[in-house]
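Q: Task: produce atomic coordinates for the following.
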Amino acid sequence: MLLSKGFEIEMYTGTPQGDVVGLSDQIVASLNGFVREPDSRNVEYTTAPLYGYDRLLCALVRPRQQLREYLKRLGDYTLIPGSTLSLGGSDRFQRSDPNNPYHTYIEQTYGTKVVTASVHINVGISDPEMLMRACRLVRVEAPLYLALSASSPFLDGQPTGYHSTRWGLFPKTPTNVPLFESHTHFIKWTEEQLAAGTMRNVRHLWSSVRPNGNHRPYDLNRVELRICDLVVDPIALLSIMALLEARLTQLLDDPSLDPLESSTLPASQRAADLVALTDANESAVAQLSLDAELRHWQDGRKILARDWIEEIYPEAWAAAKKHGFSCFLSPVKKILRQGNTAQQWLKLYEEDLSGRSVIVQAIQAMAEQERELEDKLCQQLAA
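A: Reported below is the predicted structural model:
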């Protein structure tokens, strides 16, 4: 059976020349389904939990089409790809809600390090202990999803040395987040962070992966993968979702895939060692994405991110095929062949295109792809 799944998509708005412009106040006031972020230059929409990939594809594309039409009414504005303020503006915060005290705290504590655009991927799992197993597996493999999605090599018009500048600079909070060994462990840890002030509220858990639900930390119903950069190609994004669902399907069929059980790292320190290994992997992938050298959670061996994805792909494909969504997984292979967005942009930059020219090309390509998908796929579903 397919799992329920959905996306939270943050996107920048701005000009066709790539300059980011804060418009979220007007967007949120005029369009249903969009919510503001602390900075007005990006805006978020969320897809409903869906089981089928075809419907999920339209749920990704249609709000963007609606937003594009609204932006045209405001002026010569469009949607801008990438997960950082690629061409400028990182020296200042542009508040979307000056009277919100939580936004004040965010601005004063983190500055524009949090003014990023990303994709949060949610997959429904209702059993709390199985959900914790899922969070553990996704946590140790989260760097692989960042490697596929990296799209922020520029900041203020210059390459930064990161493929994911967003994750390289993002203030992961609290600093030390354990592998939660049970639902009870997660509840106790969260209550301790709130009491100590290292988390301001239950939403203030900014790690690569977190359990989520209607009444955190008590009532949980989904695993939320938060590490991915913005992927504007819906087909590529669905393939990343398909890889995640396939891995979770494997875990549901074989709970011993849980890293706390199947890793061969010394049992006495396994949980702490897995966190340290994974944190190092996240840092390596933020810099070099698919070409980063990582350490595998199973035994600590060194492996390139792209080779690790190739290694797990056959079993993931078999799980996807069994449940009827393998065709949505296969574009992962294209990302491995052609590179992720950051790698493609850096290649263009090295061929003497300016950062602005790279972004302008990407803006045009994103709009054209959305038109094609809206015409071909969403109309078929409506028929």
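Q: Ranking helices and strands of this structure by mean pLDDT, which lands last?
A: helix 379-382 (a mean of 55; mean pLDDT, DSSP states H and E).
Q: Give me the residues contacting stretch 210-221.
A: 122, 124-126, 128, 131-132, 135, 180, 183, 186-187, 190-191, 202-203, 222-224, 226 (C-beta atoms under 8 Å, 6 or more residues apart in numbering). Yep, even glycine has a C-beta here, placed from its N, CA and C like the rest.
Q: Quick check on the residues you listed: which are buried?
A: 122, 124-125, 128, 131-132, 135, 180, 183, 186-187, 190, 202, 222-224, 226 (16 or more other C-beta atoms under 10 Å).
Q: among the contacts of stretch 210-221, which are in helices?
A: Per DSSP state H, helices hold the following members of the contacts of stretch 210-221: 128, 131-132, 135, 183, 186-187, 190-191.
Q: Distance to S149 and pLDDT added to the residues you listed, as JSON lines?
A: Converted to JSON lines, the ones in helices among the contacts of stretch 210-221 look like this (distance: C-beta to C-beta, whole Å; pLDDT from 0 to 100):
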{"residue": "P128", "distance to S149": "28", "pLDDT": "97"}
{"residue": "L131", "distance to S149": "23", "pLDDT": "98"}
{"residue": "M132", "distance to S149": "24", "pLDDT": "98"}
{"residue": "C135", "distance to S149": "19", "pLDDT": "98"}
{"residue": "H183", "distance to S149": "29", "pLDDT": "98"}
{"residue": "F186", "distance to S149": "26", "pLDDT": "98"}
{"residue": "I187", "distance to S149": "30", "pLDDT": "98"}
{"residue": "T190", "distance to S149": "27", "pLDDT": "97"}
{"residue": "E191", "distance to S149": "32", "pLDDT": "98"}
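Q: any chance you could map the helices in the stretch 201-350 of the chain?
A: In the stretch 201-350 of the chain, the segments counted as helices under DSSP state H, counting those that start in this stretch are 234-253, 259-262, 270-288, 305-322, 326-329, 331-338, 341-350.
Q: helices or strands next to the longest strand along the chain in the packing?
A: Looking across the chain with DSSP state E, the single longest strand is strand 5-14. If you count contacts as 3 or more C-beta pairs under 8 Å, 6 or more residues apart in numbering; DSSP states H and E, strand 5-14 packs onto strand 42-46, helix 53-74, strand 78-80, strand 119-124, helix 234-253.
Q: if you skip the residues just before and after it, what's nearest to the residue nearest the centre of the chain?
A: Geometric centre of the chain, nearest residue: C228, 2.5 Å, by C-alpha atoms, centre = their mean. With C-beta to C-beta, 6 or more residues apart in numbering as the measure, S149 is the residue that lies nearest to C228, at 4.1 Å, once sequence neighbours are left out.
Q: Same question for S30.
A: Y70 (6.3 Å).
Q: mind checking pLDDT for the one you found?
A: Residue-level confidence at Y70 comes out at 97, pLDDT.
Q: wait, what's in contact with it?
A: 27, 30-31.
Q: Could you export these to a markdown table, including columns for secondary structure, neighbour count and distance to L336?
A: Putting these into a markdown table (DSSP: H, G, I helix; E, B strand; the rest coil; neighbours: other C-beta atoms under 10 Å; distance: C-beta to C-beta, whole Å) gives the following:
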| residue | secondary structure | neighbour count | distance to L336 |
| --- | --- | --- | --- |
| I27 | helix | 21 | 35 |
| S30 | helix | 11 | 40 |
| L31 | coil | 15 | 36 |
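Q: Can you tell me which of the residues you listed lies closest to P101?
A: I27 (22.7 Å; C-beta to C-beta).
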